[in-house]
Every structure is written in C-alpha cells, then in structure tokens.
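Student: sequence? don't have it. structure:
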C-alpha cells in the first residue's frame, strides 16, 4: 500500500485559503499571489463550463466570477475532510449575513503541497449551477 506524503493539515489549509484568497478575493494582485502560493503551475480547475489550466487562466476565471457578484462571501459549511492526497470542503456563497445564494463542494488533489486539481461541484438546485452549466430553469 502506498501512503500519501501530503500533510492533512496542508490539504485543509489549501481548501480554506483557496476558497477565501482565490475565489473570495476581489483584488487581482492578492489573488495572483495566492494562486502562485497555493497552486501548482500546471494545476487544473474543473468547473461546469470546462477545464481551466495554469495560473493565468485560473486567475482570469476567478476574477471574472468574482466580478459577477463582488459583494458575496464564501462561507465553509463544516470542516475540510482529507483522504490521502485529496480533500473536500462544502461551502455557500451569498451576501454577508444572509442565506447563501448557491452552494457547492470543492474537491482537490495535492502534489508537493500545492493544488494539482480542483473539482468544483455546484448544487444543482441553484441558479448559479444553471447559469454556469448553460441550463435554463424549468
């Protein structure tokens, strides 16, 4: 059996910091610095529209997303869970102090202490899921 060399604490930190410092950050320079620190150079972000690879592309996606709702905050729902070199975190996003407008899961894989892949699962009941996946409300 192969044991993961990734620290469970580091994986939890990556999940928490990525949520706040990448997707929750409106300042381009701070977001870029966080991506450089948290993500592998060839890291891949998997979101409903498709796969996004590399720091510049991830920064552009996160910045564009942030611009659609600059007053929203991301709030973790519970603590990150870790298994070997992977982790997951459930979260909600919406105006501060209000119920989340949409919710989802972040699932990451980690190599050498950095995010190699992030899979973002949006809960299908949200308008954000329908917008991101190109589906219309029925």
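Tutor: Yep, that arrived. Because the structure is a prediction, the values reported are computed rather than measured.

Student: sketch out the low-pLDDT regions of the chain for me.
Tutor: Low-confidence segments of the chain (pLDDT under 70): 1-4, 126-138.

Student: try it again with 80
Tutor: 1-5, 124-138 (pLDDT under 80).

Student: strands of that one, start to end?
Tutor: 39-47, 50-53, 72-76, 81-83, 86-95, 102-111, 114-122 (DSSP state E).

Student: quick check: longest helix of the protein.
Tutor: helix 55-68 (DSSP state H).

Student: quick one: residues in contact with that helix.
Tutor: 22-26, 28, 31-32, 35-36, 39, 41, 43, 45, 47, 52 (Cβ atoms under 8 Å, 6 or more residues apart in numbering). C-beta here means a position set from N, CA and C on the backbone, and glycine is covered the same way.

Student: quick check: angle from that helix to strand 39-47?
Tutor: 50 degrees (axes from the mean of the first three to the mean of the last three Cα atoms, to 10 degrees).

Student: could you list the buried residues of helix 55-68?
Tutor: Neighbour counts over helix 55-68 (16 or more other Cβ atoms under 10 Å) mark 55, 58, 59, 61, 62, 63, 65, 66 as buried.

Student: make TSV out of the strands of the chain and add distance to residue 17 and mean neighbour count.
Tutor: Below are the strands of the chain laid out as TSV (distance: least, Cβ to Cβ, whole Å; neighbours: other Cβ atoms under 10 Å):
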stretch	distance to residue 17	mean neighbour count
strand 39-47	11	18
strand 50-53	19	13
strand 72-76	11	18
strand 81-83	15	15
strand 86-95	11	19
strand 102-111	11	20
strand 114-122	10	19
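
Student: would you turn the ones you listed into JSON lines with distance to residue 13?
Tutor: Converted to JSON lines, these look like this (distance: least, Cβ to Cβ, whole Å):
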{"stretch": "strand 39-47", "distance to residue 13": "13"}
{"stretch": "strand 50-53", "distance to residue 13": "22"}
{"stretch": "strand 72-76", "distance to residue 13": "12"}
{"stretch": "strand 81-83", "distance to residue 13": "11"}
{"stretch": "strand 86-95", "distance to residue 13": "10"}
{"stretch": "strand 102-111", "distance to residue 13": "10"}
{"stretch": "strand 114-122", "distance to residue 13": "11"}
